[in-house]
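Chemist: With the input below, show me the fold.
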Amino acid sequence: MSAVPTPPAGSSRRELGAFLRSRRERLTPGDVGLPQAPGRRTPGLRRAEVAKLAGISVSWYTWLEQGRVRTSEQVLRAVSRALRLDAAETAHVLSFVQDGGPPADAPTWVSPNLLSLVQAMTPHPAVVLDLHWDLLAWNAGYAALLTDPARLHPKQRNLLWLVFRWPPARTLLADWEHEARALLGQFRSRAARRPDDPRFAELTDELLSDSDAARWYERRETAGFQPSVRRFRHPTVGELRLRYVKLAAVDQPGHHFLAYLPDDRDSEDALHRLRSGD
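Modeler: This is a model prediction of the structure:
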């Protein structure tokens, strides 16, 4: 390691430093097997304690929290272990030493093959998302399950907007809080790596106007995508259990194909009734 820090960082390194600090402050010495000294005033662990647990110098860890140094995956893994980060939090930390991923100017059009796949999924809901979770293409099944994105303002054709700012979502999604927090955690992790992306900034402003999103965002919660079964309570066809499947489009970096597949026969029948309008 160099003994000299780099000049003050851009927003991505500041974001990493703030995240590490927030996780340090939530731990107590007892959480990591250290004695609790009397009269301790520092919230959480001290920087020196994290540095010792991670096997790095106090100066280096201090500069890391201040966003003044770039560092290696090996060091960030050691810091993640010292801070007792879970898998999603560790992945978030490691993302700061990885490539930024798909270009921010990924195409807004959908390839004919991907569009054909979306339409062929009907009556099963399917949609194509870009890296900002903007909805680029959808089928009739998706429009029937949620709402037709074509009726929304183009800036509102976004999965985050639907979950947080579209009022029916809170009753349509049976486990709304769990789903919303997980999606927001994924958004926060991705947006942190693109601090200069205007669409992420625009979406962040929109989300922070929601009191729940603002509270969770302040906690710096992160999450990774997890395939699971989502429960919907639809006003027309009742409860549905749908498996959430997400695939990356190899020929269009930054685009993802998202489908909702029935988890049982009742949900399969409900999707057909929903599509037919019965």
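Chemist: Let me see the ranges of the strands in the stretch 51-200 of the chain.
Modeler: Secondary structure of the stretch 51-200 of the chain (DSSP state E, counting those that start in this stretch): strands at 126-129, 135-138.
Chemist: pLDDT below threshold where in the stretch 151-278 of the chain?
Modeler: By pLDDT under 70, the low-scoring segments of the stretch 151-278 of the chain are 277-278.
Chemist: Number of residues surrounding R199?
Modeler: Using other Cβ atoms under 10 Å, R199 has 17 neighbouring residues. The way it works is simple: take the backbone N, C-alpha and C, and place the C-beta from them, glycine included.
Chemist: excluding its backbone neighbours, what's nearest it?
Modeler: H132 (4.8 Å; Cβ to Cβ, 6 or more residues apart in numbering).
Chemist: Could you check how far D134 is from A91?
Modeler: Per Cβ to Cβ, to the nearest Å, D134 is found 23 Å from A91.
Chemist: same deal with P43?
Modeler: 26 Å.
Chemist: OK, contacts around the spatially most central residue of the chain?
Modeler: Nearest to the mean C-alpha position of the chain, by Cα atoms, centre = their mean, lies Q186 at 0.5 Å. With contacts defined as Cβ atoms under 8 Å, 6 or more residues apart in numbering, the neighbours of Q186 are 222-225.
Chemist: between those, which is nearest R170?
Modeler: Each of those was scored against R170 by Cβ to Cβ, and A223 proved nearest at 19.1 Å.
Chemist: And the helices in the stretch 51-200 of the chain, which stretches?
Modeler: Listed in chain order, the helices of the stretch 51-200 of the chain (DSSP state H, counting those that start in this stretch) span 58-65, 73-82, 87-94, 112-120, 140-145, 159-165, 169-172, 176-192, 198-208.
Chemist: can you put those in JSON lines and add distance to L27?
Modeler: Formatted as JSON lines, the helices of the stretch 51-200 of the chain follow (distance: least, Cβ to Cβ, whole Å):
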{"stretch": "helix 58-65", "distance to L27": "14"}
{"stretch": "helix 73-82", "distance to L27": "9"}
{"stretch": "helix 87-94", "distance to L27": "12"}
{"stretch": "helix 112-120", "distance to L27": "44"}
{"stretch": "helix 140-145", "distance to L27": "42"}
{"stretch": "helix 159-165", "distance to L27": "30"}
{"stretch": "helix 169-172", "distance to L27": "33"}
{"stretch": "helix 176-192", "distance to L27": "19"}
{"stretch": "helix 198-208", "distance to L27": "27"}
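Chemist: Out of those, which is closest to P235?
Modeler: So among the helices of the stretch 51-200 of the chain, helix 169-172 is nearest, using Cβ to Cβ, at 8.0 Å.
Chemist: What are the buried residues along the closest one?
Modeler: With burial defined by 16 or more other Cβ atoms under 10 Å, the residues of helix 169-172 counted as buried are 169, 172.
Chemist: Output the contacting helices and strands for that helix.
Modeler: Helix 169-172 sits against strand 228-234, with contacts defined as 3 or more Cβ pairs under 8 Å, 6 or more residues apart in numbering; DSSP states H and E.
Chemist: What residues sit buried inside the strand it packs on?
Modeler: 229-230, 232, 234.
Chemist: Now render those as CSV, adding distance to Q252.
Modeler: Output for those, formatted as CSV (distance: Cβ to Cβ, whole Å):
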residue, distance to Q252
V229, 28
R230, 25
F232, 28
H234, 31
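Chemist: between the residues you listed, which is nearest R199?
Modeler: R230 (25.3 Å).
Chemist: what sits against the closest one?
Modeler: With contact set as Cβ under 8 Å, 6+ apart, R230 has these partners: 173, 175, 179, 241-244, 260.
Chemist: Also S116?
Modeler: For S116, the contact set (Cβ under 8 Å, 6+ apart) is empty.
Chemist: how close does it get to V128?
Modeler: Computed as Cβ to Cβ, the S116 to V128 distance reads 11 Å.
Chemist: cool, and R194?
Modeler: Distance, R194 to V128, using Cβ to Cβ: 20 Å.
Chemist: can you check V79 too?
Modeler: Taking Cβ to Cβ, one finds V79 at 37 Å from V128.
Chemist: Cool, thanks, talk later.
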